[in-house]
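In: sequence-free structure coming up:
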DNA sequence: GTGGATTTGGTACTTTAGTATGAGTTGTAA
DNA sequence: TTACAACTCATACTAAAGTACCAAATCCAC
């Protein structure tokens, strides 16, 4: 919020300076008024582009950022989450076990716990739910 | 490409009109020059916002649009694709069968063919590959 | 209308996935 | 230090998923 105020403050300041400058330049005869207006137009065009890009960037990041709070809320442990990532990579339980240097049994336990925590019946459903909750 | 030229043409036209209008208005004394400049600034600000949004929109759509050509290239039939969508919803073979009003056997056949076409060993891997190829 | 692709489905089997249960090992917060 | 959560692993199941093969019905293009 403070950031937004700062940006807008600076924007207004720049705006005023630009106006004053263009007026002075035109009056003093250093600058053609059309060119001054064109400059202002160009500057504001790019300000529009810049601000829009910034706001869209925030939205995009927010939408594909991982919701860590949700993971905690669901009581998903660190290890369980690593298993979930393995599932999302399309690995089998055995392969996840090899990747994390534990036995397939261990992975099965984690998967089973994960499914109940995510309220899913299958690993594919777990993926769908996890995506909905934006935790993967 | 033709569209871009059209947009820019119109833009330049609008620009010239705006200039002429503001100059005329200022000379005729109907308008204060600061207000004219401010109007131009605002107009160009929104032009910047609008054009930027348009270009970003295209990019976004292109990235999460389904690649139909790829589906054809992989020889994935209409029915197989429907099964793939069922998998991505986290459904079991039986549930996909119920949804498409065919037997589980049929779904198994489709899944098996899908896996070999996608070069996947498991349905979860098929999902990952399908996402990579942007066909789901 | 014939031929090829698609869709359907069955049997028989192997392989994974998932459940239930019990139990030993850590790390760590009270 | 003890109590608890997280992690580990095993056994013994049951339930799905996946493969291989075969076969019939249907649809569509040439």
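Out: Right, received. Where do you want to start? No experiment lies behind these values; they were computed from the predicted model shown. Numbering: from 1, shown residues only, chains lettered A, B, ... in the order given.
In: now do the helix or strand hosting residue A:127, average pLDDT.
Out: Assessed by DSSP states H and E, residue A:127 sits inside helix A:123-132. Per-residue pLDDT over helix A:123-132 has a mean of 97.
In: how big is the angle separating that helix from helix B:123-132?
Out: 40 degrees (axes from the mean of the first three to the mean of the last three Cα atoms, to 10 degrees).
In: helices and strands around helix A:123-132, which ones?
Out: helix A:78-88, helix A:104-118, helix B:78-88, helix B:123-132 (3 or more Cβ pairs under 8 Å, 6 or more residues apart in numbering or on different chains; DSSP states H and E). All C-beta spots, glycine's among them, are computed from the backbone N, C-alpha and C.
In: list the buried ones in the last one?
Out: Right, helix B:123-132. By 16 or more other Cβ atoms under 10 Å in any protein chain shown, the buried positions in helix B:123-132 come out as B:123-130.
In: so which of these is the closest to residue A:111?
Out: residue B:124 (11.3 Å; Cβ to Cβ).
In: tell me who's in contact with the closest one.
Out: A:87-88, A:90-91, A:123-124, A:127 (Cβ atoms under 8 Å, 6 or more residues apart in numbering or on different chains).
In: just flag the most distant two among those.
Out: A:91 and A:124 (13.1 Å).
In: quick one: which of the contacts of residue B:124 is nearest DNA strand C?
Out: For the contacts of residue B:124, the residue nearest DNA strand C by Cβ to the nearest atom of the strand is residue A:123; the value is 3.5 Å.
In: what's the distance between that closest one and residue B:40?
Out: Distance, residue A:123 to residue B:40, by Cβ to Cβ, to the nearest Å: 59 Å.
In: swap in residue A:118?
Out: Taking Cβ to Cβ, one finds residue A:118 at 55 Å from residue B:40.
In: what does residue A:83 give?
Out: The value you get for residue A:83 to residue B:40, if Cβ to Cβ is used, is 59 Å.
In: more neighbours, the two?
Out: Using other Cβ atoms under 10 Å in any protein chain shown, the more surrounded residue of residue A:83 and residue B:40 is residue A:83, with 29 against 20.
In: wait, what's in contact with the more buried one?
Out: Residue A:83 touches A:96, A:100, A:107, A:110-111, A:114, counting by Cβ under 8 Å, 6+ apart.
In: spell out which parts of chain A neighbour DNA strand D.
Out: Chain A comes close to DNA strand D at residues A:75, A:77-80, A:97, A:100, A:102-103, A:105-106, A:108-110, A:122, A:124, as judged by Cβ under 7 Å from any atom of the strand.
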